[in-house]
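Novice: here is the input, now give the coordinates:
(4 chains)
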Number of protein chains: 2
Amino acid sequence: MARPRQNLLTRQRIIETAAAIVDAEGLEAVTVRRLGTELGVQGPSLYNHFATMAEILDEVADAVVARVDVSFFATHDWRSALGLWARSYHAALSAHPNIVPVLAQGPGRRPAALAMADAVYGGLIEAGWPPARATHIGALMRYLVTGSALGSFALGFAEDPQLYALYPHLRDAHLLAEHQHSVDEGAFTLGLDLLIAGLDRLYASLKGVRA
Amino acid sequence: MARPRQNLLTRQRIIETAAAIVDAEGLEAVTVRRLGTELGVQGPSLYNHFATMAEILDEVADAVVARVDVSFFATHDWRSALGLWARSYHAALSAHPNIVPVLAQGPGRRPAALAMADAVYGGLIEAGWPPARATHIGALMRYLVTGSALGSFALGFAEDPQLYALYPHLRDAHLLAEHQHSVDEGAFTLGLDLLIAGLDRLYASLKGVRA
DNA sequence: ACCTGAACACCGTTCAAGT
DNA sequence: ACCTGAACACCGTTCAAGT
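Specialist: Predicted structure coming up:
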């Protein structure tokens, strides 16, 4: 059989395959040899397309961030835009929790993460927030979204009821896993609503508006 | 030279040595062989004291959580207690940021993490919060603290000014690193203050108190 | 009971050789 | 230009052998 004129690999194919492994089995399951097997090549072939394994995972992470909708800042009041963006960000990360540790290190040089930071910061500045405060708000939102996506609170407790015998108030903690979605979503929604309401009041006081 | 009657290793010594490496060089620097070298034994000797490497890192993480002060719930109003605890939790994690990914997976079977969850949840229940809300508040606080400790927002941007040419509002992002402490602390403090003020209002409305 | 030395099945990455 | 095969310097973990 003749050598195909088209390359066996593209960056896109590699990233998609890596993303599928991350979602199904976690970050540690993505190895050079495993990727090679799934792509039908030998492991070292990947180095014709990427310099390091970390670069591949960075692109997987950025593809997730690229799906976050930042368009609201162009069309909505800053309060609505912040809430809609944060929900979109949260939804994108919750769909791919295994990649969150890579994302949580900051935008670095990832284009989608930088574009998102630019849109959010720009939106807040144009709404009249002082630069230092706009930075704080952007940081705070990242803390909440990555913190909530990084590890499910509900699933963070072991399933073993006996474990909690020593802790008087944790008697039913082993049941949290059954209510994972409502616990984790409820906590995120509570936090987001409280923060936006609080920022609204802070904004009003900054602008000299009396309640 | 005779064989010492005392063991060369103890769990305590291993954990302390691992913690020092984590702090100085990060999680990836902690290897069985490296620990062996620093402890004056061969790597496999560690398996007489721990079943896995993950178990060692779990204990390093729990030692950090053990330093969080949860006593406030016994002595203070829930609002003050929540704020003082969250600041103590944040300070403990900020002092050892490299171990945060281990912590962020939840308490699991770690005694200090379980004791902390018990104290916080118990304190909120005794203050009169409904159980579901108390769970949300505990989760929310973990999101904020681990999210902020996991990766510095300020240090998450590359130091290369040229990188930001494409992003109109990020022109000065490369300067964030110089103000790391005030950016990261400012964002955390803003978030904590807004959340506690918001929870105070929510509590008042739950208890039927009119503003 | 605890430590050693050798071994197993992995890693990421490099590089000369092939096409 | 891209892929292969062999190699290097690592991993965590197991286990028989020593004391």
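
Novice: centroid residue for chain A?
Specialist: A:Leu93 (3.6 Å; Cα atoms, centre = their mean).

Novice: show me what contacts that residue?
Specialist: Counting by Cβ atoms under 8 Å, 6 or more residues apart in numbering or on different chains, A:Leu93 makes contact with A:64, A:100, A:103, A:145-146, A:149. In short, each C-beta sits where N, CA and C put it, glycine included.

Novice: swap in 10 Å and give it another go.
Specialist: By Cβ atoms under 10 Å, 6 or more residues apart in numbering or on different chains, the contact list for A:Leu93 reads A:61, A:64-65, A:67-68, A:99-100, A:103-104, A:145-146, A:148-150.

Novice: correct me if wrong: A:Leu163 contacts B:Ala113.
Specialist: No. Judged on Cβ atoms under 10 Å, A:Leu163 makes no contact with B:Ala113 at a distance of 11.7 Å.

Novice: between the two, which one's more packed in?
Specialist: B:Ala113 (24 against 18; other Cβ atoms under 10 Å in any protein chain shown).

Novice: any idea how far that one lies from B:Tyr89?
Specialist: 11 Å (Cβ to Cβ, to the nearest Å).

Novice: anything in contact with each of those two?
Specialist: Common neighbours of B:Ala113 and B:Tyr89 (Cβ under 10 Å, 6+ apart) are B:64-65, B:68, B:142.

Novice: who wins for neighbours among those residues?
Specialist: Busiest of the shared contacts of B:Ala113 and B:Tyr89 [other Cβ under 10 Å] is B:Arg142, holding 27 neighbours.

Novice: can the host helix or strand of it be found next to chain A?
Specialist: When secondary structure is defined by DSSP states H and E, B:Arg142 falls within helix B:131-150. Yes. Helix B:131-150 reaches chain A (Cβ under 10 Å from any Cβ of the partner chain) through B:131-150.

Novice: re the thing from before, relative to helix A:131-150, how tilted is the helix or strand containing the residue nearest to the centre of chain A?
Specialist: Here A:Leu93 sits within helix A:78-94, counting by DSSP H and E. With axes from the mean of the first three to the mean of the last three Cα atoms, to 10 degrees applied, the angle from helix A:78-94 to helix A:131-150 works out at 30 degrees.

Novice: identify each buried residue in helix A:78-94, please.
Specialist: A:78, A:81-90, A:92-94 (16 or more other Cβ atoms under 10 Å in any protein chain shown).

Novice: how about the helices in chain A?
Specialist: A:11-25, A:32-39, A:53-65, A:72-75, A:78-94, A:100-103, A:111-126, A:131-150, A:180-206 (DSSP state H).

Novice: how near is A:Ala81 to B:Phe157?
Specialist: With Cβ to Cβ as the criterion, A:Ala81 and B:Phe157 are 22 Å apart.

Novice: ok, back up a step: so which of the helices of chain A is nearest DNA strand D?
Specialist: helix A:32-39 (6.7 Å; Cβ to the nearest atom of the strand).

Novice: other SSEs contacting the closest one?
Specialist: Other elements packing on helix A:32-39 under the criterion 3 or more Cβ pairs under 10 Å, 6 or more residues apart in numbering or on different chains; DSSP states H and E are helix A:11-25, helix A:53-65.

Novice: show me the one of these that comes nearest DNA strand C.
Specialist: Nearest of those (Cβ to the nearest atom of the strand): helix A:53-65, 3.6 Å.

Novice: where does pLDDT dip in chain A?
Specialist: Low-confidence segments of chain A, defined by pLDDT under 70: A:1-5, A:209-211.

Novice: which bits of it sit near DNA strand D?
Specialist: Proximity of chain A to DNA strand D is confined to A:7-9, A:36, A:41-42, A:44-45, A:48-49 under the rule Cβ under 7 Å from any atom of the strand.

Novice: so which bits of chain A are right by DNA strand C?
Specialist: So chain A meets DNA strand C at A:3, A:30-34, A:43-44, A:47, A:51-54 (Cβ under 7 Å from any atom of the strand).

Novice: mind doing that once more with 10 Å?
Specialist: Within reach of DNA strand C by Cβ under 10 Å from any atom of the strand, chain A has these residues: A:2-3, A:27-37, A:42-48, A:50-57.

Novice: list buried residues within these.
Specialist: Counted by 16+ other Cβ under 10 Å, these give A:30, A:32, A:35-36, A:45-46, A:50, A:56-57 as buried.

Novice: tell me which of those is nearest to DNA strand C?
Specialist: A:Val32 (3.6 Å).

Novice: can you list the domain ranges for chain A.
Specialist: A:11-62, A:68-210 (automatic domain parsing).

Novice: what's the end-to-end length of the shortest one?
Specialist: Between the opening and closing residues of domain A:11-62 we find a distance of 13 Å, counting by Cα to Cα, to the nearest Å.

Novice: wait, doesn't A:Ala63 sit right on A:Glu16?
Specialist: Yes. Applying Cβ under 10 Å, one finds A:Ala63 in contact with A:Glu16, separated by 8.4 Å.

Novice: what about these two, which has more around it?
Specialist: A:Ala63 (19 against 13).

Novice: show me what contacts A:Arg171?
Specialist: So A:Arg171 contacts A:161, A:164-165, B:118 (Cβ under 10 Å, 6+ apart).
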